[in-house]
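>>> Here's a sequence, model it:
(chains A and B)
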Amino acid sequence: MTSTHNAPATTTGSELPAVATELARSWLRRMLLIREFENRCAQAYQDRKIGGFCHVYNGQEAVAVGCTAAVGAADPIVTAYRDHGHALARGMDPRHCMAEMFGRVGGCAKGKGGSMHMFDRANNLFGGHGIVGAQIPLGVGLAFGTKYEDEVINGGKSSRVTLAFLGDGALNQGSFHEAMNLAGLFDLPVIVICENNGYSMGTAISRGTTMGHDISAKALAYGIESAVIDGMDVIGVYGAMKQIADSVRASCRPAFVDMRTYRFKGHSMSDPRKYRTREEEERFEKEDPIGRLKSSLEAHGVNDDDFKAMQREVRAQVRDAVAWAERSPVTPSAELYRDVFIERWGPYTGSSQPEMLGGSETVADFTAIDPEGDLL
Amino acid sequence: MTAVREIEFRDAIREAMSEEMRRDPRVMLLGEEVAQYNGAYKVSRGMLDEFGARRVIDTPISESGFAGMAIGAAMLGLRPIVEFMSWSFSLVAADPILNNAPKMLYMSGGQFGCPIVFRGNDGAGGQLGSTHSWCVEGLYSNVPGLKMAIPSNPHDAKGLMKTAIRDNDPVFFLESERLLSNKGEVPEAEYLIPFGQARVARAGTDCTIVAFGRPVLLALEAAQSLASEGVSCEVLDMRTIRPLDAGAIVRSVRRTGACVVVDQSWSFGSPGSEVASLVHRECFDDLDNHVHRVHSADVPTPYAQDLEQEYLPNPRRICEAVRSCLYRA
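Just a heads-up that it's a prediction; the model follows:
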């Protein structure tokens, strides 16, 4: 029952030279926010305030925070179902994220998506997707779209890079292989980032994936360059991802990243983690990305008091998010038939944007075709 | 003055796509063999020459991958047309086309729509065996969030395709290999046909025949033959399955008092069963008999020519259904 998943090599974070202390502090705060948010999610799930499936991101915070820091706000992002961290890293207000899980109208998707389906148009987050691997072709399509817009429509040069996240469990889905082939074939500016936490649900990578010890071999088969990054070190993640993003942006060639990380909690809330040893967990807990960044920052004047102050801040922020979510009304039944089609017909009453984006009606100018209401 | 000319079904679809691509740079076409090969069925003939390889794109045989890729591009704001060489091949892309495209708007709470057209050949092509003979209208029309068009003639094919491309929601556009060479009058001047408006393909008084796509032609043949027996059939060409022009069906059946539905998909949970349910609910007091249904037989599509002909809806089976419905059997 041991994983062949490699432990990161170091226990302290990368050095800071290239990164301003203030920037690193902001990452520390954001990782603390995600950690606190996820802990409160787990609690709310136990209290039955969150339904369905819920997958928390504890341990993997450096990946979402480091990767999103390495790209611009206009660069699209798409990810899988363990997506709260990406939403928060990308800048979604924790209130809207929590309200989504509470099934409230104030949620980012008005309570229609839930934990696995976080969308944020303003921040170019194209979801949270629940089916393993489904988001990878979508990510390749986002890259196709940005390149087409920049070059074919606007006659310029491709300027944006898409980040498409997946877990190591998705490596064995056809969608991964088809998407990689298309990205390589069409020269698409996408970085396919495998958050390799060593387990697809309860199955260790060695039990489900050939070449699990070196998954970059899969990228090689598609002519795509790859990198292995220690995903427990946010400074390292940022530095490496910045370099890769710059290169992909310039070359318009895709890249693949084997991002070595570890999830501290189970696959979902109901997972007793019997498939791995406590010893392995303890080994990785020593690599906690928050602890590692904290140690790196100590040499740069961030002391324990600063850290505790930051913890107090995020606790207050998440407490506020929970309270806000609880105050947000349950999604009204009128919303049941809304957002099915952009254009109205029969019982379908058009679409509207969530509160997060101002909540305005966005029914298209296409005229209603069912004035008498006799269309099924 | 509008010039009248006859063109093939495939040319009508191409004209619609080309006109819309000239009008809107966000529209592009991708699929297997659509560019250099000029389309497996020559629907996209010449489009590569006009629009170039950036907008008419050959994909590998990778339906799940390129359907998903096109959906991602649509979320970003492009308006892709995805050709499936056959809808039978779309089954390997079921997750993107059913789980992503029609649900994206809802699951994102109105943030991301999916303006995309999936199109290709639907139905038995002629002795292709069951894996290649899918009629997907029953399977896919079950899913909320998508629209489904199924033209029976070149005129409608062009007008519906232009509407499909301009539509802001995902449209499943069902063509038929058996119809592609059919010729019909198509005006030179631009026109669009709105979704959800059935066409009276033949007016009549005794029995309403409701049909979708290629079976409309079979129903017209049956109606012609029944006329010689003194039976007057009204044939409705529904043009779109979603939205379904329920009003047109109900108004016709209230006049005729009898209804036969011809649907080439399998009978269990199909557009045909939906129409029967609608008519029984809305025209209960107008009917002299229950709705009769003509579908493909409830078996995998056979290869042998005679068996395949018997398996599919055909004029003989439609005539039998109408006579039975009118107690003339």
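>>> From here on, just use CA atoms for contacts and neighbour counts.
Will do.
>>> Say whether chain A is contacted by stretch B:244-256.
Yes. Residues of stretch B:244-256 are located near chain A by C-alpha under 8 Å from any C-alpha of the partner chain, namely B:L244, B:D245, B:A246, B:G247.
>>> So for stretch A:219-235, what gets flagged as buried?
A:219, A:222-235 (16 or more other C-alpha atoms under 10 Å in any protein chain shown).
>>> now the residues of stretch B:244-256 next to chain A in a markdown table, with neighbour count?
Formatted as a markdown table, these follow (neighbours: other C-alpha atoms under 10 Å in any protein chain shown):
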| residue | neighbour count |
| --- | --- |
| B:L244 | 25 |
| B:D245 | 22 |
| B:A246 | 21 |
| B:G247 | 19 |
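>>> Which of these sits closest to A:A316?
Checking the residues of stretch B:244-256 next to chain A against A:A316 by C-alpha to C-alpha gives B:L244 as the nearest, at 52.4 Å.
>>> Please give me every residue in contact with that closest one.
A:L375, A:L376, B:G196, B:Q197, B:M238 (C-alpha atoms under 8 Å, 6 or more residues apart in numbering or on different chains).
>>> Among those, which one has the most neighbours?
In terms of neighbour count, B:M238 stands highest of the contacts of B:L244 at 29 neighbours, by other C-alpha atoms under 10 Å in any protein chain shown.
>>> so how far is B:L217 from it?
Distance, B:M238 to B:L217, by C-alpha to C-alpha, to the nearest Å: 12 Å.
>>> A:D150 now?
Note on A:D150: its distance to B:L217, by C-alpha to C-alpha, is 46 Å.
>>> Between the two, tell me which one has more neighbours.
Set side by side, A:D150 and B:L217 show more neighbours around B:L217, with 20 against 15, by other C-alpha under 10 Å.
>>> For the more buried one, give me its contacts.
For B:L217, the contact set (C-alpha under 8 Å, 6+ apart) comprises B:S152.
>>> which parts of the host helix or strand of it are buried?
Using DSSP states H and E, B:L217 falls within helix B:215-227. Residues B:P215, B:V216, B:L217, B:L218, B:A219, B:L220, B:E221, B:A222, B:A223, B:Q224, B:S225, B:L226 are the ones in helix B:215-227 that count as buried (16+ other C-alpha under 10 Å).
>>> which residues does B:V143 contact?
With C-alpha under 8 Å, 6+ apart, B:V143 has these contacts: B:L98, B:P102.
>>> Next, give phi and psi for it.
Per-residue torsions, B:V143: phi -90, psi 120 (degrees, to the nearest 10).
>>> Likewise for A:A227?
In terms of degrees, to the nearest 10, the main-chain angles of A:A227 are phi -140, psi 150.
>>> any idea how far chain B is from it?
Remark: distance between A:A227 and chain B (C-alpha to the nearest C-alpha, to the nearest Å) = 24 Å.
>>> what about the residue in the stretch 101-250 of chain B that chain A sits nearest to, which SS state?
Closest contact between the stretch 101-250 of chain B and chain A, by C-alpha to the nearest C-alpha, is at B:G109 (3.8 Å). Following DSSP: H, G, I helix; E, B strand; the rest coil, we place B:G109 in the coil state.
>>> Ok, A:C194 next?
Per three-state DSSP, the local secondary structure of A:C194 is strand.
>>> now swap in B:A201 and tell me
Under the three-state scheme (three-state DSSP), B:A201 adopts strand.
>>> mind listing what it touches?
Counted by C-alpha under 8 Å, 6+ apart, B:A201 has contacts B:L220, B:E234, B:V235, B:L236, B:D237.
>>> next one: A:A64
Contacts for A:A64 (C-alpha under 8 Å, 6+ apart) come out as A:G85, A:H86, A:A89.
>>> and the residues you listed, which of them are in helices?
Counted as lying in helices by DSSP state H, out of the contacts of A:A64, are A:G85, A:H86, A:A89.
>>> Let's see the pLDDT reported for the first one.
I take that to be A:G85. For A:G85, the pLDDT comes out at 98.
>>> ok, now how distant is B:N153 from B:N182?
Distance, B:N153 to B:N182, by C-alpha to C-alpha: 7 Å.
>>> Please enumerate the shared neighbours of those two.
B:F9.
>>> Settle it for me: which of those two has more neighbours?
Between B:N153 and B:N182, counting by other C-alpha under 10 Å, B:N153 is the more crowded of the two (25 against 16).
>>> Now do the same contact list for the more buried one.
By C-alpha under 8 Å, 6+ apart, the contact set of B:N153 is B:F9, B:L179, B:N182, B:K183, B:G184.
>>> could you pull out the helices for the stretch 151-300 of chain B?
Taking DSSP state H, counting those that start in this stretch, the helices of the stretch 151-300 of chain B run over residues B:154-166, B:215-227, B:246-256, B:271-282.
>>> The last one near chain A at all?
The one in question is helix B:271-282. No. Using C-alpha under 8 Å from any C-alpha, helix B:271-282 never reaches chain A; the gap is at least 9.2 Å.
>>> Next, the angle helix B:246-256 makes with that helix.
Helix B:271-282 runs at 60 degrees relative to helix B:246-256, counting by axes from the mean of the first three to the mean of the last three C-alpha atoms, to 10 degrees.
>>> Run through the neighbouring helices and strands of helix B:271-282.
In this structure, helix B:271-282 packs against helix B:246-256, strand B:259-262, strand B:292-294, with contacts taken as 3 or more C-alpha pairs under 8 Å, 6 or more residues apart in numbering or on different chains; DSSP states H and E.
>>> Quick one: closest of these to B:A35.
Ranking the helices and strands packed on helix B:271-282 by proximity to B:A35 (C-alpha to C-alpha) places strand B:259-262 first, at 35.4 Å.
>>> Pull the closest one out as PDB, backbone CA atoms only.
What follows is strand B:259-262, C-alpha atoms only, in PDB (Å, rounded to 0.1, in the frame of the first residue of the first chain):
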ATOM      1  CA  CYS B 259     -52.800  11.200 -35.700                       C
ATOM      2  CA  VAL B 260     -49.900   9.000 -36.900                       C
ATOM      3  CA  VAL B 261     -46.300   9.900 -35.900                       C
ATOM      4  CA  VAL B 262     -43.400   8.800 -38.000                       C
END
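>>> and B:G125, how many neighbours does it have?
Neighbours of B:G125 under the rule other C-alpha under 10 Å: 16.
>>> no no, A:K274
10.
>>> check contacts around the most centrally placed residue in chain A.
For chain A, the residue nearest the mean C-alpha position is A:H86 (3.1 Å; C-alpha atoms, centre = their mean). Contact analysis of A:H86 by C-alpha under 8 Å, 6+ apart lists A:A64, A:V65, A:T68, A:T79.
>>> looking at it, the last one is touching A:T162, isn't it?
Put plainly, it is A:T79. No. The criterion here is C-alpha atoms under 8 Å, and A:T79 misses it with A:T162 at 10.8 Å.
>>> Next one: B:M17, what pLDDT does it get?
Confidence at B:M17, expressed as pLDDT, is 98.
>>> Next up, the contacts around it.
Neighbouring residues of B:M17 by C-alpha under 8 Å, 6+ apart: B:M161, B:K162, B:I165.
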